[in-house]
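>>> just to be clear, the model below is a prediction. Sequence and coordinates:
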Amino acid sequence: MDPPANASAAGMSVDLSTVKKIASLARLAVTDAEAEALVPELNGILHWVEQLGEVDVSGIAPMTAVIPNRLRLRADVVDDGGVRDKVLANAPQAEHGFFAVPKVIE
């Protein structure tokens, strides 16, 4: 696969036309001055990502979080929650332990 036309020998770089295309694809309104200001910022980000690619991570297990997380499990039991009366107290109208709503006939 050939590198894009805007790729330099040292790595990927972004030019003004690429910034405008990215803004268009993201449906962002970017003025010419804003686009010119974004060129060095995006190139800096790409340079930083390239530096991360140079780090030797062989033998290091991938992390999903910085702190160890344990999934707290509870019994998977179906119950009514025991708060039916409290819930029905908020209902405009309740009958026989259920919300009462007007009949809808089309």
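Arrived safely. Numbering: from 1, shown residues only.
>>> what about the residue of the chain most remote from its centre, distance to Leu88?
Relative to the centre of the chain, the most outlying C-alpha is that of His96, 44.4 Å out, by Cα atoms, centre = their mean. Going from His96 to Leu88 by Cβ to Cβ, to the nearest Å gives 10 Å. In short, each C-beta sits where N, CA and C put it, glycine included.
>>> can you name the residues in contact with the helix or strand hosting Lys21?
Assessed by DSSP states H and E, Lys21 sits inside helix 16-25. Residues outside helix 16-25 that contact it (Cβ atoms under 8 Å, 6 or more residues apart in numbering) are Asn6, Val14, Ala29, Val30, Ala35, Glu36, Leu38, Val39, Leu42.
>>> and for stretch 40-47, what's in contact with it?
Stretch 40-47 is contacted from outside by Gly11, Met12, Ser13, Val14, Val19, using Cβ under 8 Å, 6+ apart.
>>> and with 6 Å instead?
The contact list for stretch 40-47 (Cβ atoms under 6 Å, 6 or more residues apart in numbering) reads Met12, Ser13, Val14.
>>> turn those residues into CSV, columns for secondary structure, neighbour count and distance to Lys103.
Shown next, in CSV, are the contacts of stretch 40-47 (DSSP: H, G, I helix; E, B strand; the rest coil; neighbours: other Cβ atoms under 10 Å; distance: Cβ to Cβ, whole Å):
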residue, secondary structure, neighbour count, distance to Lys103
Met12, strand, 16, 64
Ser13, coil, 16, 67
Val14, coil, 20, 62
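>>> mind exporting the C-alpha coordinates of stretch 36-49 to CSV?
Only the C-alpha atoms of stretch 36-49 are listed here, as CSV (Å, rounded to 0.1, in the frame of the first residue of the first chain):
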residue,chain,number,x,y,z
GLU,A,36,-3.7,27.2,9.1
ALA,A,37,-3.5,27.2,12.9
LEU,A,38,-4.5,23.6,13.1
VAL,A,39,-1.8,22.4,10.7
PRO,A,40,1.1,22.6,13.2
GLU,A,41,-1.1,21.3,16.0
LEU,A,42,-2.1,18.2,14.1
ASN,A,43,1.5,17.7,12.9
GLY,A,44,2.6,17.9,16.6
ILE,A,45,0.0,15.3,17.6
LEU,A,46,1.1,12.9,14.7
HIS,A,47,4.8,13.4,15.7
TRP,A,48,3.9,12.4,19.3
VAL,A,49,2.0,9.3,18.1
